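Chemist: give me a 3D structure for the following:
(2 chains)
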Amino acid sequence: LAKTTQPISMDSYEGQEVNITCSHNNIATNDYITWYQQFPSQGPRFIIQGYKTKVTNEVASLFIPADRKSSTLSLPRVSLSDTAVYYCLVGGISSGSARQLTFGSGTQLTVLP
Amino acid sequence: SQTIHQWPATLVQPVGSPLSLECTVEGTSNPNLYWYRQAAGRGLQLLFYSVGIGQISSEVPQNLSASRPQDRQFILSSKKLLLSDSGFYLCAWSPRDYIYEQYFGPGTRLTVT
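Modeler: Below is the predicted model:
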């Protein structure tokens, strides 16, 4: 079971690029890396998922080095509305891995004006 | 498109009373279904997940139970609520064998008094 470590909180300013790093030293061969965003009083929202190298979508980019022991979620030009908790999850994607689902405490990102 | 419904949105119940929270999903077939609980300021705790009708896996010993009477219906129940059952309850679904792409409902805020 891959344990993840993220910073508890981060501050940024509007318009800046934000990088949130997640450490997962004992990631398994068949594990994927997934990031979620959660606003207060709402359920988490799926942002991005990757296995290796780089993945980009309309919201964020995910950078995964060759050893896959860490990953970085990159949010370009953040705005105040990006203030939220960001969770990094690591695990297998099949139903048999569901019991390993762990959201942890996440990273509280606060975007300042 | 897929939609997930949860109700009620808020609930205040006395200690010892029963509980029934319902979740339904539209626009998809054979989803995996999940119940999570989130205490104030904490991460999400996976309570139950289901890969099919009548198939329930429990992750945390407690006085809660779950049932899946239909393919897209998931119910969380308790015979007697405890104060410690207070929290934000979230239902989610994912495609079968793609558990990390989860889509969450609006949640139920339960306060046990």
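
Chemist: in chain B, which residue is closest to the centre?
Modeler: When chain B is reduced to its mean C-alpha position, the closest residue under Cα atoms, centre = their mean turns out to be B:W35, at 3.0 Å.

Chemist: just to check, that residue is in contact with B:F88?
Modeler: No: between B:W35 and B:F88 no contact is recorded; they are 11.6 Å apart, counting by Cβ atoms under 8 Å. Just so you know, the C-beta spots here come from the backbone N, C-alpha and C atoms, and that holds for glycine as well.

Chemist: returning to that earlier point: so who does the residue nearest to the centre of chain B touch?
Modeler: When contacts are counted by Cβ atoms under 8 Å, 6 or more residues apart in numbering or on different chains, B:W35 touches B:C23, B:L46, B:L47, B:F48, B:Y49, B:A66, B:F74, B:L76, B:Y89, B:L90, B:C91.

Chemist: out of these, who has the most neighbours?
Modeler: For the contacts of B:W35, the largest neighbour count, defined by other Cβ atoms under 10 Å in any protein chain shown, is 30 neighbours, found at B:F74.

Chemist: count residues in the vicinity of the nearest residue to B:G54 once chain neighbours are set aside, would you?
Modeler: Spatially, and ignoring its direct neighbours in sequence, B:G54 is nearest to B:R68 (6.2 Å; Cβ to Cβ, 6 or more residues apart in numbering or on different chains). In terms of burial, B:R68 registers 20 neighbours under the definition other Cβ under 10 Å.

Chemist: check contacts around the closest residue to chain B within chain A.
Modeler: When distances are taken as Cβ to the nearest Cβ, chain A reaches nearest to chain B at A:G43, 2.6 Å away. Contact partners of A:G43, counting by Cβ under 8 Å, 6+ apart, are B:L90, B:A92, B:F104, B:G105, B:P106, B:G107.

Chemist: can I assume it sits in a helix?
Modeler: No: following the definition DSSP: H, G, I helix; E, B strand; the rest coil, A:G43 is coil and is not counted among the residues of a helix.

Chemist: pull the number of nearby residues for the closest residue to it other than its chain neighbours.
Modeler: The spatial neighbour of A:G43 that comes closest, neighbours along the chain excluded (Cβ to Cβ, 6+ apart), is B:F104 at 2.6 Å. B:F104 has 21 neighbours, counted by other Cβ under 10 Å.

Chemist: cool, and B:A9?
Modeler: When neighbours are counted by other Cβ under 10 Å, B:A9 registers 10.

Chemist: next: the one 3 residues further on.
Modeler: Counted with other Cβ under 10 Å, the burial measure for B:V12 works out to 11 neighbours.

Chemist: again, but for A:L75
Modeler: Here the neighbour count serves as a burial measure; for A:L75 (other Cβ under 10 Å) it reads 22.

Chemist: just to check, the residue nearest to A:G43 is in contact with B:Y89?
Modeler: No: taking contacts as Cβ under 8 Å, B:F104 lies outside contact range of B:Y89: 10.9 Å.

Chemist: tell me the residues of chain B that contact chain A?
Modeler: Contact residues, chain B versus chain A (Cβ under 8 Å from any Cβ of the partner chain): B:32, B:34, B:36, B:42-44, B:46, B:49, B:51, B:57, B:59, B:88, B:90, B:92, B:96-107, B:109.

Chemist: export stretch B:52-70 to CSV, keeping only CA atoms.
Modeler: Presented in CSV, the C-alpha positions along stretch B:52-70 are these (Å, rounded to 0.1, in the frame of the first residue of the first chain):
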residue,chain,number,x,y,z
GLY,B,52,-22.4,-4.9,-7.9
ILE,B,53,-25.9,-5.5,-6.7
GLY,B,54,-25.9,-7.0,-3.2
GLN,B,55,-22.0,-6.9,-3.1
ILE,B,56,-20.8,-4.7,-0.2
SER,B,57,-17.3,-4.4,1.2
SER,B,58,-16.9,-2.7,4.6
GLU,B,59,-13.7,-0.9,5.3
VAL,B,60,-14.3,0.4,8.8
PRO,B,61,-16.0,-1.4,11.7
GLN,B,62,-18.9,0.7,12.9
ASN,B,63,-22.6,0.8,13.5
LEU,B,64,-23.3,1.7,9.9
SER,B,65,-24.3,-0.6,7.1
ALA,B,66,-24.8,-0.3,3.4
SER,B,67,-27.0,-1.9,0.8
ARG,B,68,-27.2,-1.9,-3.0
PRO,B,69,-30.7,-3.1,-3.9
GLN,B,70,-30.4,-1.9,-7.5
